[in-house]
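Q: Quick one: sequence and predicted model below, then my questions.
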Amino acid sequence: MTTIYDFKVKDIKNKEWDLADLKGKVVLFVNVASKCGFTKQYAGLEELYKKYEPKGFVIVGSPCNQFGGQEPGSEEEIQNFCTLTWSVTFPLTAKLDVNGDNEAPLYKFLKASQPGILGLKRVKWNFEKFLVNREGKVVKRFASTTEPKSIADDIEKLL
């Protein structure tokens with residue numbers, strides 16, 4: 001598999017989502033959690049989405065409960081939390097694992113394309129971000145501590 005377009009995931013409603021639907025768009029994948037110190041980044045992510053979505057930008061939030069059990073809810077609870085608390089309108093996947101034996105193939109690809117510090121091929125914590133160009137290739141990875149607004153220049157270059 002060579003691009004994100006080769007993958008399918010379940011969306012937050014548990015329906016199969018063929019990521020080939022994202023062809024031609026710049027995409028930011030973020031593993032998210034509702035009870036994390038970085039959860040406030042939902043606001044900045046939504047700002048980026050609203051600003052750049054008309055130009056062909058998409059954020060895909062992937063709820064993950066692998067880090068401190070910080071995403072314990074069901075898909076419905078997660079969707080409600082994101083919508084009601086943070087006014088999130090960007091798409092979410094169903095809960096998935098980003099590391100380990102049950103990791104989603106998409107995240108295996110994202111990590112292999114842009115390894116972390118010291119070449120580690122694992123997600124360190126919630127709200128790590130992977131930026132994908134219009135050709136479906138992962139071009140940059142950002143740590144959990146990276147505020148969404150600081151990614152704007154990288155997004156603009158790809159748009």
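A: Noted; the coordinates are in hand. For clarity, every value in this text was computed on a predicted model and none was experimentally measured. Numbering: from 1, shown residues only.
Q: Report the rounded mean pLDDT for the helix or strand harbouring residue 85.
A: Per DSSP states H and E, residue 85 falls inside helix 75-86. The average pLDDT within helix 75-86 is 93.
Q: Give the other helices and strands that the next helix or strand after that helix contacts.
A: Where DSSP H and E defines the elements, the next helix or strand beyond helix 75-86 is helix 105-113. Using 3 or more Cβ pairs under 8 Å, 6 or more residues apart in numbering; DSSP states H and E, the elements in contact with helix 105-113 are strand 26-32, strand 138-142. From N, CA and C alone the C-beta is placed, and that goes for glycine too.
Q: can you put these in CSV and add mean neighbour count, distance to residue 121 and mean pLDDT?
A: CSV is the format used below for the helices and strands packed on helix 105-113 (neighbours: other Cβ atoms under 10 Å; distance: least, Cβ to Cβ, whole Å; pLDDT from 0 to 100):
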stretch, mean neighbour count, distance to residue 121, mean pLDDT
strand 26-32, 25, 14, 97
strand 138-142, 18, 11, 95
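Q: Any idea which of those strands gets closest to residue 126?
A: Nearest to residue 126 among the helices and strands packed on helix 105-113 is strand 26-32 (6.0 Å), distances taken as Cβ to Cβ.
Q: would you list the helices and strands packed on helix 105-113 in JSON lines and tack on distance to residue 68?
A: Listed next are those as JSON lines, based on distance: least, Cβ to Cβ, whole Å:
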{"stretch": "strand 26-32", "distance to residue 68": "13"}
{"stretch": "strand 138-142", "distance to residue 68": "20"}
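Q: Which one, of these, ends up nearest to residue 12?
A: strand 26-32 (10.8 Å).
Q: partners of that closest one, with directions?
A: Note on strand 26-32: by DSSP bridges, its sheet partners are strand 57-63 (parallel), strand 129-132 (antiparallel).
Q: list the buried ones in stretch 75-87?
A: Using 16 or more other Cβ atoms under 10 Å as the burial criterion, the residues of stretch 75-87 that qualify are 75, 78, 79, 81, 82, 86.
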